[in-house]
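Student: Got a predicted structure here, sequence first:
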Amino acid sequence: MNPPIPTLLELQRAIQRSLLQRAGGDASAYVIADGLDPGERLGIYHNTSAGVLATALHLSFPAVERLVGPEFFEGAARLFSAETPARSAWLDEYGADFPEFLAHLAQAASLPYLPDVARLEWQVNLVLHAPDAQPLQVARLSQLNEAELAQLRFEPHPAARLLRCEFPADTIWHAILERDDSAMAAIDLADGPVWLLVHRTESGIDVVRMSECEWRFTAALFSRRPLHAALEEAPCDDAHVLLAAHLTRGCFADVT
Amino acid sequence: MNVTVARPQDAPGRIPSKAGIGLRFRHHQAVAEARPDVAWFEVHTENYMGGGIAPRYLSTIRRDYPISLHGVGLSLGSAEGLDVAHLARVRNVVDRVEPGLVSEHLSWSITGGAYLADLLPLPMTEEALAVVCQHVDQVQASLKRRILIENPSTYLRFRHSTIPEWEFLSDVAQRTGCGILCDVNNIYVSACNHGWDAMTYLCALPPAAIGEIHLAGHSLRQLDQGRTLRIDDHGSRVAPEVWTLYREALKRFGPVPTLIEWDTNIPPLEILMEEAATAEAALEQQRHESAYPNAA
């Protein structure tokens, strides 16, 4: 007996359940078999869908993939995508929750630094695809006196982000992507926490390790605190040198 | 209304009736630096929505080549309306790239706020037709230009479909004024999978609406009892049967911009250029036959 005719919305919801839960379910009843089980027909779409999302994760988390191996990664990616569907077709945005998913994945518990490497890769991904913006020109600051400078609030460049990791994720990430086994072997996991700045350069991505104080100073600036307040919160020795370095790196888009 | 015919023939960025190639990240650098002899390129709109190196390459390449934008994410067949944030991202890319053509698919991908990451088949019903037409109108109004809609390759049909796909697509074009991106490989794949006659499909499409043709490779999956299913995976050369169907399409539609698509196991650019040369030869033959219809 044929099921009642579904509305377009009912049909789309049924197919969504079929694709995400991998159960033919009520969607199968709407599909003509014609020599192939409707569940298998829907399965073709399930495979493409899961494969596309796994590829998006594979592009954003290459070091994680190398750390766990392609098979484990594919399995984890498919588990994740079933739990956390994409919100839009702009898949550069897909995977923000993958690091936390890995942190709670029992099978990955033997690699305690894995979630930190994933968090770093997510920041790298965000920086890689961040909107283009003209960096702040140092010349705009040269006419200001000391009192005026102290009141400035800096607008962070979209392609500059901060991250703190319990483990030395930056050296692991670099050694893994460079396939540098001796660098990997030399890593001391106790060499954390690390305080990182991730920013875009002309040719790619740079990950800069900072001292805790430098990081806190930068974080205060990135949260648009006035320069004098940032200096009070994080009184590092070479704050002005660091600020000059950030300006050269193009870490700010504007100043008010 | 056909917006493209109103443009002067030498308008910068106009897609010529020649063979182009689907451009993927792998070939960005080679194309930007070596400027190979390719008439035009098509890219996936969704790959250029952010900033950084990819859009920078594209703007470099755009200086030397006409570009067509091919979207996969508007989900024109969604019952719950268009994702207006995604439409705004598409508009932003269109504004930056100034493409010669903008296209999307006759399919849906979004329901309940989830993007299902595939071009899913629509039931061929009056309700779905009205939804697609409304969304095509909305997109064309937002982008202030005509778009092309591509026929899908499908692996299932719904019991309650009442309209043949070729009529559905022609109706969308007629009601909205959009053009049709005729994917000849998709027609072949769907026709084989569902027992349709590919020529019936081709002959039902209105020639004046055809703004572009897609060609790609597909693969074959063996089923029980010696049956096969064809999968549109864009991972190989165009099949001989699809080239034959393409030549029939050109006879009917005249020389139309034709794209070679290749998305999995992407080969060196030279292989893509060989495929484009085969399409170009067919286009040239059609131009000749159109000019001298009695020569044969």
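Tutor: The structure has been received and is ready for your questions.
Student: Just the pLDDT for the residue of the stretch 151-296 of chain B found nearest chain A.
Tutor: Nearest to chain A, among the residues of the stretch 151-296 of chain B, is residue B:156, at 4.0 Å (CB to the nearest CB). (Each C-beta comes from the backbone N, C-alpha and C, glycine too.) Per-residue pLDDT puts residue B:156 at 97.
Student: Okay, buried residues for stretch B:122-133 please.
Tutor: Using 16 or more other CB atoms under 10 Å in any protein chain shown as the test for burial, stretch B:122-133 gives B:122, B:123, B:124, B:125, B:127, B:128, B:129, B:131, B:132, B:133.
Student: repeat for stretch A:131-139
Tutor: A:133, A:135, A:136.
Student: and what of stretch B:254-263?
Tutor: In stretch B:254-263, counting by 16+ other CB under 10 Å, buried: B:254, B:255, B:256, B:257, B:258, B:259, B:260, B:261, B:262.
Student: Now the second one. Nearest residue, chain neighbours left out?
Tutor: Using CB to CB, 6 or more residues apart in numbering or on different chains and skipping residues adjacent in sequence, the residue nearest residue B:255 is residue B:17, 4.3 Å away.
Student: can you pull the contacts of that neighbour?
Tutor: B:254, B:255, B:256, B:257, B:283 (CB atoms under 8 Å, 6 or more residues apart in numbering or on different chains).
Student: unless I'm mixing things up, residue A:30 is touching residue A:13, no?
Tutor: No: if you go by CB atoms under 8 Å, residue A:30 and residue A:13 don't touch, sitting 11.5 Å apart.
Student: and residue A:102, what element?
Tutor: With secondary structure defined by DSSP states H and E, residue A:102 is part of helix A:98-103.
Student: Ok, residue B:117 next?
Tutor: strand B:114-120.
Student: One more: residue A:209?
Tutor: Going by DSSP H and E, residue A:209 is part of strand A:205-210.
Student: So residue A:88 lies in a helix, does it not?
Tutor: No: counting by DSSP: H, G, I helix; E, B strand; the rest coil, residue A:88 falls outside a helix, being coil.
Student: Next one: it relative to chain B, how far apart?
Tutor: 5 Å (CB to the nearest CB, to the nearest Å).
Student: was I right about residue A:153 contacting residue A:254?
Tutor: No: using CB under 8 Å, residue A:153 makes no contact with residue A:254, being 9.2 Å away.
Student: sorry, back to before: can you redo the contacts of residue B:17 as a markdown table with secondary structure, distance to residue A:25 and pLDDT?
Tutor: Shown next, in a markdown table, are the contacts of residue B:17 (DSSP: H, G, I helix; E, B strand; the rest coil; distance: CB to CB, whole Å; pLDDT from 0 to 100):
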| residue | secondary structure | distance to residue A:25 | pLDDT |
| --- | --- | --- | --- |
| B:254 | coil | 47 | 96 |
| B:255 | coil | 47 | 96 |
| B:256 | coil | 42 | 97 |
| B:257 | coil | 42 | 98 |
| B:283 | helix | 47 | 98 |
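Student: for those, which one is nearest residue A:114?
Tutor: residue B:257 (47.2 Å; CB to CB).
Student: how about the nearest residue to residue B:220, chain neighbours excluded?
Tutor: For residue B:220, ignoring the flanking residues on the chain, the nearest one in space by CB to CB, 6+ apart is residue B:228 at 5.3 Å.
Student: OK, contacts around that neighbour?
Tutor: Contacts for residue B:228 were tallied using CB under 8 Å, 6+ apart; they are B:192, B:220, B:221, B:222.
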